[in-house]
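K.L.:
Sequence first, then the predicted structure:
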Amino acid sequence: MIINHPILGPRDSQEFTYLGDATLIDRPDWEADDAAGQFHDYLYLRDNPAGEHRELWFHEQGDRSWLVVTRNTVTHEILNVELARDVARARGRSK
Amino acid sequence: MRYSGLKVIKEALTGHKGWRPTWRDPEPKKSYDVVIIGGGGHGLATAYYLAKNHGITNVAVIEKGWIGGGNVGRNTTIIRSNYLLDGNEPFYELSLKLWEGLEQDFNYNAMVSQRGILNLVHTDAQRDAARRRGNAMILNGSDAELLDTDGVRAMYPFLNFNNARFPIKGGLLHRRGGTVRHDAVAWGYARGADLRGVDIIQNCEVTGFKIENGKCLGVETTKGFIGANKVASCVAGSSSRVMEKAGMRLPIESHVLQAFVSEGLKPVLDGVITFGAGHFYCSQSDKGGLVFGGDLDMYNSYAQRGNLPVVEDVIEGGMALIPALGRVRMLRSWGGIMDMSMDGSPFIDKTHVDGLYFNGGWCYGGFKATPASGWCYAHLLATDTPHKVATEYRLDRFRKGRMIDEKGQGAQPNLH
Ligand SMILES: Cc1cc2nc3c(=O)[nH]c(=O)nc-3n(C[C@H](O)[C@H](O)[C@H](O)COP(=O)(O)OP(=O)(O)OC[C@H]3O[C@@H](n4cnc5c(N)ncnc54)[C@H](O)[C@@H]3O)c2cc1C
């Protein structure tokens, strides 16, 4: 698979390590009343879809940036690549 | 279909025209006592033990493709009882004991071969871990022997003992481990279940559940609705897709694992060798091909094929361990979809829906579990209580802090 890095251009997926579902960006609020339940779901449950999947890849052997890659888990086709930083900011994280 | 020595001779003399299908190909009935979703090893074994151990024969196994077309026919056939943790080892020891009597039990040749498994170690820390695991195995009635370098050399002189990064310092030998003809396991269980009245319904996909007032009444399929008192999901890599239809999110990710087989060679390797540090393991099939594999491709996947970087990684590991491999030609490679759980251990449990049960999360180790998984799942379905060696395989164990994490990797499924 070739990952089209937003800054560096097309890179071999071998340069990256994989973390998993990009919902890991949405860390729950630890002060919420049901924080324990929310953290359980956040940490252990996954949608695990067959089809489009937004996921976190780390450019370990490159510029060490985190990316959100939208990839089809049935065909392995890569549909979109964003910097995780931009995605997190757009969701109001890491202001 | 029944077999006998006389029949083999008769068929040999008459052109093999008298063989009949090994199981029936029935149309689904309107309803069953138990409907099992998924005709892999675990689904078929569950049906077999429901009929044999509990006398429950009004059972259907619903398979979307053909039985044996999933992971049961794609794995590298290794069976073993060499786990560390209390939640696991008694279960896998039961499984190995069942393997030891399986062929006599279902009267079918599954080529169970206890040729021994050797896990190599390369450092003092690994040797300590191997000794600890070996002791845990022995405490649970399994067998283990710690070998030093000379012990390994006596068994496999052709290994590269002086690899600069991973010199071989010994290994943990589990003599009762080995290999089994994987397809024959599916066929043997299918035949045994069919003979006892179980309907095996192929080319029929489950597309949804009928759930009313918190009770599961049956399954929607491509051949129409099939009613059931109990519905037992057993679909390995498809677990999330199927259980989503009952409104469940599972602690599972689906990943692709590849395997490889070489051209046929004369006997060179009489056991199984695992080289965990180098992401490589290998055995030799009775036909002569070297059967080997390594790590997951690491990303979520439902494609039953992997990518080239892992092919390269596995072959590099192989070359580092067995330099002579360089002269061998590879014949085939393929992939299967693994139901990787959050702690690397499986589930055999009820769900929040009355009458709906779940079996899954087998990761890359579910083939060896086949007999015990069927045995314990049948027990749960028949009695509504977990079998005593499967009490820890609960879906709520993460909520309760009772993970069974053999490798201590945490909630990162691709690292288990
Ligand atoms: C390359 C590879 C190597 C492996 N090596 C080993 C090994 O050496 N030792 C070991 O112990 N384990 C190994 N495994 C793991 C082992 O194969 C699996 O854990 C085990 O086979 C899973 O259980 P099963 O046999 O029931 O799965 P499967 O055979 O996959 O059965 C599940 C069935 O469910 C069906 N299904 C799915 N969705 C539906 C639906 N909606 N309706 C109806 N049917 C459906 C599928 O078609 C499939 O036939 C390996 C796996 C792979 C891929």
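P.N.:
Ah, there it is.
K.L.:
Report the closest residue of the stretch 1-150 of chain B relative to the ligand.
P.N.:
Residue nearest to the ligand within the stretch 1-150 of chain B (Cβ to the nearest ligand atom): residue B:40, separated by 1.9 Å. For the C-beta atoms, the positions are set from N, CA and C on the backbone; glycine is no exception.
K.L.:
Identify the residues contacting that residue.
P.N.:
Contacts for residue B:40 were tallied using Cβ atoms under 8 Å, 6 or more residues apart in numbering or on different chains; they are B:63, B:67-68, B:70-72, B:186, B:234-236.
K.L.:
and if we set it to 6 Å?
P.N.:
When contacts are counted by Cβ atoms under 6 Å, 6 or more residues apart in numbering or on different chains, residue B:40 touches B:70, B:72, B:236.
K.L.:
same question, residue A:14
P.N.:
Counting by Cβ under 6 Å, 6+ apart, residue A:14 touches residue B:309.
K.L.:
any idea how far residue B:340 is from it?
P.N.:
Taking Cβ to Cβ, to the nearest Å as the measure, residue A:14 falls 21 Å from residue B:340.
K.L.:
Now residue B:348. Nearest residue, chain neighbours left out?
P.N.:
What sits nearest to residue B:348 in space, not counting adjacent residues and going by Cβ to Cβ, 6 or more residues apart in numbering or on different chains, is residue B:393, at 4.5 Å.
K.L.:
my guess is that neighbour contacts residue B:347, does it?
P.N.:
Yes. Here residue B:393 reaches residue B:347: they are 5.2 Å apart, a contact under Cβ atoms under 6 Å.
K.L.:
who's more crowded, those two?
P.N.:
residue B:393 (27 against 24; other Cβ atoms under 10 Å in any protein chain shown).
K.L.:
where does the residue most central in space within chain B fall, helix, sheet strand or coil?
P.N.:
The C-alpha lying nearest the average C-alpha coordinate of chain B belongs to residue B:367 (Cα atoms, centre = their mean; 1.5 Å). With DSSP: H, G, I helix; E, B strand; the rest coil as the basis, residue B:367 sits in coil.
K.L.:
shouldn't it be in contact with residue B:75?
P.N.:
Yes. Here residue B:367 reaches residue B:75: they are 4.4 Å apart, a contact under Cβ under 6 Å.
K.L.:
Please work out how many residues are found near the closest residue to chain A within the stretch 1-150 of chain B.
P.N.:
Nearest residue of the stretch 1-150 of chain B to chain A: residue B:64, at 13.0 Å (Cβ to the nearest Cβ). Neighbour count of residue B:64, defined by other Cβ under 10 Å: 20.
K.L.:
Ramachandran coordinates for it?
P.N.:
Backbone torsions for residue B:64, taken as degrees, to the nearest 10, come to phi -70, psi -30.
K.L.:
ok, back up a step: okay, and the common contacts of residue B:393 and residue B:347?
P.N.:
By Cβ under 6 Å, 6+ apart, no residue touches both residue B:393 and residue B:347.
K.L.:
Let's see the distance spanning stretch B:202-216 from one end to the other.
P.N.:
Its start and end residues considered, stretch B:202-216 measures 22 Å (Cα to Cα, to the nearest Å).
K.L.:
go on, stretch B:18-34?
P.N.:
33 Å.
K.L.:
Quick check: buried residues in it?
P.N.:
B:23, B:28, B:32, B:34 (16 or more other Cβ atoms under 10 Å in any protein chain shown).
K.L.:
Skipping adjacent residues, who's closest to the third one in space?
P.N.:
Just to be clear, that refers to residue B:32. Closest to residue B:32 by Cβ to Cβ, 6+ apart is residue B:60, at 4.8 Å.
K.L.:
residues touching that neighbour, list them.
P.N.:
Going by Cβ under 6 Å, 6+ apart, residue B:60 touches B:32, B:35, B:199, B:201.
K.L.:
The last one: how many residues sit nearby?
P.N.:
So that's residue B:201. Neighbour number of residue B:201 under other Cβ under 10 Å is 22.
K.L.:
wait, it sits on residue B:25?
P.N.:
No. In this structure residue B:201 lies outside contact range of residue B:25 using Cβ under 6 Å: 8.3 Å.
K.L.:
still on that earlier bit, surely the residue nearest to residue B:32 forms part of a strand?
P.N.:
Yes. Using three-state DSSP, the secondary structure at residue B:60 is a strand.
K.L.:
beta partners for it?
P.N.:
Beta bridges link residue B:60 to residue B:35, residue B:199, judged by DSSP bridges.
K.L.:
One more: residue B:145?
P.N.:
Bridge pairing for residue B:145 - DSSP bridges - gives residue B:173.
K.L.:
list the buried ones in the helix or strand harbouring residue A:4?
P.N.:
Counting by DSSP states H and E, the element that carries residue A:4 is strand A:2-5. For strand A:2-5, the neighbour count (16+ other Cβ under 10 Å) marks A:3, A:5 as buried.
K.L.:
Give me the distance from that strand to the chain's centre.
P.N.:
Distance, stretch centre to chain centre, for strand A:2-5: 14 Å (Cα atoms, centre = their mean, to the nearest Å).
K.L.:
Restricting to C-alpha, output it in CSV.
P.N.:
C-alpha atoms of strand A:2-5 as CSV (Å, rounded to 0.1, in the frame of the first residue of the first chain):
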residue,chain,number,x,y,z
ILE,A,2,1.2,3.5,-0.8
ILE,A,3,0.2,6.2,1.6
ASN,A,4,0.0,9.7,0.1
HIS,A,5,1.5,11.7,3.0
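K.L.:
Would you give the sheet partners of that strand, along with the direction of each?
P.N.:
As defined by DSSP bridges, the strand partners of strand A:2-5 come to strand A:9-12 (antiparallel).
K.L.:
Just the C-alphas of the strand it pairs with, formatted as CSV.
P.N.:
What follows is strand A:9-12, C-alpha atoms only, in CSV (Å, rounded to 0.1, in the frame of the first residue of the first chain):
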residue,chain,number,x,y,z
GLY,A,9,3.9,12.8,-0.9
PRO,A,10,3.5,9.1,-1.7
ARG,A,11,5.3,6.8,0.8
ASP,A,12,5.5,3.0,1.2
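K.L.:
burial of the closest residue to chain B within chain A, as a residue count?
P.N.:
Per Cβ to the nearest Cβ, residue A:48 is where chain A lies closest to chain B, at 3.7 Å. Neighbour count for residue A:48, taken as other Cβ under 10 Å: 27.
K.L.:
What is the neighbour count of the nearest residue to residue B:210 once chain neighbours are set aside?
P.N.:
Closest residue in space to residue B:210, ignoring its immediate chain neighbours: residue B:217 at 4.5 Å, by Cβ to Cβ, 6+ apart. For residue B:217, the count of nearby residues is 18 (other Cβ under 10 Å).
K.L.:
ok, which stretches of chain A are strands?
P.N.:
All strands of chain A, identified by DSSP state E, fall at A:2-5, A:9-12, A:17-21, A:52-58, A:66-72, A:78-83.
K.L.:
if we can go back for a sec, find the residues that touch each one of residue B:201 and residue B:25.
P.N.:
By Cβ under 6 Å, 6+ apart, no residue touches both residue B:201 and residue B:25.
K.L.:
At the contact with chain B, which residues of chain A appear?
P.N.:
A:14, A:18, A:40, A:43-46, A:48, A:50, A:53, A:73-74, A:76 (Cβ under 6 Å from any Cβ of the partner chain).
K.L.:
Does chain A have contacts with stretch B:409-416?
P.N.:
Yes. Stretch B:409-416 reaches chain A (Cβ under 6 Å from any Cβ) through residue B:411.
K.L.:
touching the ligand at all, the strand or helix carrying residue B:312?
P.N.:
According to DSSP H and E, residue B:312 maps onto helix B:308-321. No. Contact of helix B:308-321 with the ligand (Cβ under 6 Å from any ligand atom) is absent, the minimum separation being 10.8 Å.
K.L.:
residues in contact with that helix?
P.N.:
Here helix B:308-321 makes contact (Cβ under 6 Å, 6+ apart) with A:14, B:159, B:163, B:258, B:275, B:278-280, B:294, B:297, B:325-326.
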